[in-house]
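>>> how does the following fold in three dimensions:
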Amino acid sequence: MVIGTRIRELRVAQELSQQQLANSLGVKRSTICKYETNVNIPDAKMLIKLAKFFDVSADFLLGLSEY
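Residues are numbered from 1 along each chain as shown. Below you'll find the predicted structure:
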């Protein structure tokens, strides 16, 4: 899945740790880890939070767009 890779790339590009991202989104670090490794997929509400946090579209996170 593309979403885990995109989340990780965006997080690393902003020089954030998984814990820092988790704190910003109000989730546990393990949740971010599971997203990045595609063990879990963010639900619609979390997808919106991630898109807003990283200032990208949900389509980009889902791999439907390259922008």
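>>> what about residue 13, neighbour count?
By other C-beta atoms under 10 Å, 9 other residues sit near residue 13. All C-beta spots, glycine's among them, are computed from the backbone N, C-alpha and C.
>>> helix, strand or coil for residue 41?
State at residue 41, reduced to three classes by DSSP: H, G, I helix; E, B strand; the rest coil: coil.
>>> ok, it touching residue 1?
Yes - if you go by C-beta atoms under 8 Å, residue 41 and residue 1 touch, sitting 7.1 Å apart.
>>> measure stretch 26-46 end to end?
10 Å (C-alpha to C-alpha, to the nearest Å).
>>> which other residues reach it?
1, 3-5, 7-8, 11, 18-19, 21-22, 25, 50 (C-beta atoms under 8 Å, 6 or more residues apart in numbering).
>>> among these, which ones are buried?
When the contacts of stretch 26-46 are checked for burial by 16 or more other C-beta atoms under 10 Å, the buried set is 3, 4, 7, 8, 11, 18, 21, 22, 25, 50.
>>> in strands only, show me the residues you listed.
Of the buried ones among the contacts of stretch 26-46, none are assigned to strands by DSSP state E.
>>> just curious, which of these is nearest to residue 59?
Using C-beta to C-beta, residue 3 comes nearest to residue 59 of the buried ones among the contacts of stretch 26-46, at 11.0 Å.
>>> next, the nearest residue to residue 4 once chain neighbours are set aside: secondary structure please.
Excluding its sequence neighbours, the residue lying closest to residue 4 (C-beta to C-beta, 6 or more residues apart in numbering) is residue 38, at 4.1 Å. Classification of residue 38 by three-state DSSP places it in coil.
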